[in-house]
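>>> Dropping a prediction and its sequence here:
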Amino acid sequence: MSLIELEEISKNYGSFRALDRVSLTIEPGITGLLGPNGAGKSTLIKVLLGLLRATSGRGRLLEFQLGRHNLQIRERVGYMPEDDCYLAGLSGVESVQLAAQLSRFPGLEALRRAHEILDFCGMGQERYRTVETYSTGMRQKLRFAQALVHDPPLLILDEPTSGLDPAEREAMLNRIKILARQHGKAVLLCTHILPDVQAVSDAVIILAKSRVRIAERLERLSQPTSPSLKIHVLGDAAAFTQRLERAGFKARVDALGAITVDGQHAELAARIWQVAQQANIGVRSIEPSRNSLEEIFLSAVREQPDAHS
Amino acid sequence: MPIHDLGYREWHERLASPWTRWVVIAKAGVRRAWQSTWLRRMMFFAWLPAIWFATGFLMWEQSRLSPDIREGFSVFVPDRPGVLDGLSERLSIEDESVARHSVWSWLLYTFLRYPQGGIMVLMVGIIAPPLISQDVRSRAFLLYFSRPLTRWQYALGKLATVWFYLVMISAAPALVLYTMGVLLSPSIHVVVDTWDLPLRILGASAVLMIPTASLALCMSSLTQESRYAGFAWFTIWIMGFFTYIVMTGIEINRLGMETDFAFEKWAPVSLYHMLGQVQGWIFDFASFDQVKYAAGILVVITVVSTVILFRRISAPLRA
């Protein structure tokens, strides 16, 4: 069963249309929500949470109608906002405890749960300091803990890794993967950091200019339209490309020196090795080529507004 | 690192009632406010006037046994004009139960109107300004409203924070005074004569709490800087108070206007005096006709403040 189903959802702010007939189906697993600034990601999240009422269209989150069962939806969703928001004057553990209590955890249980989740999020003794004294990274972890504390089946994470150092970023992505793979949580991961999405996501939604441009499994998106091999060589890639063309291959080289050769059968690789040997060129790698998320994102964003997803 | 890392664990325990969410907000607000040293000091000083009025209860009850003390009791019952007219006559009533009711009412009314009314202004000025403005500044609305929390529950929780402290300085000490009066009286039957006083205490405390908390939180919601909200709060009270004093003084002393008429005419400029008038009606020291404008204005202030407060809470979510 789909986790989220949206049908023709539009949202206007006065004359500005922030969401334009957005239709989506989001399955369980980790889904990356991508889009340039102003694409409508935050508006979409607020509509999902019932913080904004859609101008038109309808939708369902879990088994609840959007706009009608907002409180039930928010009981089952953990939301980590992108904004630097915090509860002033409270310590880290008190903030998480309060979040748990607002989700109906009894007082003492909420405190126990808060400590448990802060342990999971890698927060040490700093949990006893007031939130105002926290660094950006600590606040990120705290917001993640607040989103997670009531054990929601769906997590909406808005830029969860921004402001984290590389080690913390990797730890955060690992936590997201653990929650999705081992605990069955569905995650909607909204970020500008494409490698994060590529690292953890099962599916990708790309919004641009208020519309959905792409909503597809990442595995399918990564496959090129025609099979090809991607070759990295030691030496002059352009010269080797010409050599391949003279040998009858359809080959081209990109700006980064990666050579793409059309076709993907086993003999093709053997023949490329032969040409490389003859040209005295060292081959670093030959692998089936895949569309990078960056390419997919850029091509989706550059499409004309009325192009179909 | 925790000594015994449990990793992530799912939650399958029982949940609390959904109707208690505003209590969570209120408790957090009360705890947060109590961190202020000034508030703790003020709470201590807020109970000191109760000692003076407790002495009043004691002297009144003793004066029934030994008339020598009656002279001394007059310090608690100044012969004031205006809404208090007739109190002295009531004190001389021979029927002890009627006299006791009047004196206790007067003591409780005076206690709530004068010392506690003044302390209320200071206390709300400390507690209320940061309650919502801090949430606006730290963008905490998203954290609150991404939870299953309605805007009314949020507003009620914040109001309850202020109400809690106001109860602690108004209804709570007044009820303690009343209980003390009962204990000092010669018979438990005085409860029958004075059963309505606890209700009047609660009513007078509600008059003190409801409009003031709504107005203070409305101001807090209008700014990100709590000092601006605090400044506006104190300005309204101080300006209103002095305008009332000056204008009634001019009209009574220079223009020869009747005292009652001048008080009634200028009370609407001063929140403090409006609250006092309505409390006077609750303790039966004024008729409703005398306080109807003050009561109407307080109702309007409460409603308008609450509407603005609600709209301001909703505003960040619409952005």
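Everything's here; your move. Computed from a predicted model, the values in this text were never measured in an experiment. Residues are numbered from 1 along each chain as shown, chains lettered A, B, ... in the order given.
>>> Can you check which helix is longest in chain B?
helix B:288-318 (DSSP state H).
>>> Distance from that one to the middle of the chain?
16 Å (C-alpha atoms, centre = their mean, to the nearest Å).
>>> Nearest residue to B:R64 in space, please, no chain neighbours.
Spatial nearest neighbour of B:R64, chain neighbours left out: B:E96 (6.5 Å); criterion: C-beta to C-beta, 6 or more residues apart in numbering or on different chains. Where C-beta positions appear, they are placed from N, C-alpha and C, glycine not excepted.
>>> Kindly apply the preceding question to B:L108 instead.
Here the residue nearest B:L108, using C-beta to C-beta, 6+ apart, is B:A174, at 5.5 Å.
>>> Same question for whichever strand or helix holds that neighbour: list its buried residues.
For B:A174, the enclosing helix or strand under DSSP states H and E is helix B:171-184. Going by neighbour count (16 or more other C-beta atoms under 10 Å in any protein chain shown), the buried part of helix B:171-184 is B:A171, B:A172, B:P173, B:A174, B:L175, B:L177, B:Y178, B:M180, B:G181, B:V182.
>>> same deal with stretch A:243-262?
A:R243, A:L244, A:F249, A:A251, A:V253, A:I259, A:T260, A:V261.
>>> Show me the residues you listed that map onto strands.
A:A251, A:V253, A:I259, A:T260, A:V261 (DSSP state E).
>>> hang on, B:T110 packs against B:W52?
No - between B:T110 and B:W52 there is no contact under C-beta atoms under 8 Å: 9.9 Å.
>>> which one of the two has more residues nearby?
The neighbour comparison of B:T110 against B:W52 (other C-beta atoms under 10 Å in any protein chain shown) goes to B:T110, with 23 against 14.
>>> Helix or strand with the lowest mean pLDDT in chain B?
The helix or strand of chain B with the poorest confidence is helix B:87-91; it has a mean of 57 (mean pLDDT, DSSP states H and E).
>>> how many neighbours does B:Y144 have?
Burial of B:Y144 is recorded as 22 neighbouring residues (other C-beta under 10 Å).
>>> ok, it - contacts?
A:L102, B:I25, B:D135, B:Y154 (C-beta atoms under 8 Å, 6 or more residues apart in numbering or on different chains).
>>> if we can go back for a sec, closest one to chain A out of the buried residues of helix B:171-184, please.
Using C-beta to the nearest C-beta, B:A172 comes nearest to chain A of those, at 23.3 Å.
>>> Which parts of the stretch 1-150 of chain B are helices?
Counting by DSSP state H, counting those that start in this stretch, one finds helices in the stretch 1-150 of chain B at the ranges B:21-34, B:37-65, B:69-73, B:87-91, B:96-113, B:115-137, B:141-145.
>>> could I get those as JSON lines with distance to A:G184?
Formatted as JSON lines, the helices of the stretch 1-150 of chain B follow (distance: least, C-beta to C-beta, whole Å):
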{"stretch": "helix B:21-34", "distance to A:G184": "27"}
{"stretch": "helix B:37-65", "distance to A:G184": "47"}
{"stretch": "helix B:69-73", "distance to A:G184": "75"}
{"stretch": "helix B:87-91", "distance to A:G184": "73"}
{"stretch": "helix B:96-113", "distance to A:G184": "58"}
{"stretch": "helix B:115-137", "distance to A:G184": "34"}
{"stretch": "helix B:141-145", "distance to A:G184": "25"}
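>>> For the residue positioned nearest the centre of chain B, identify the helix or strand it belongs to.
Nearest residue to the geometric centre of chain B (C-alpha atoms, centre = their mean): B:L208, 3.0 Å. Using DSSP H and E, B:L208 sits in helix B:196-221.
>>> Alright, calling it a day.
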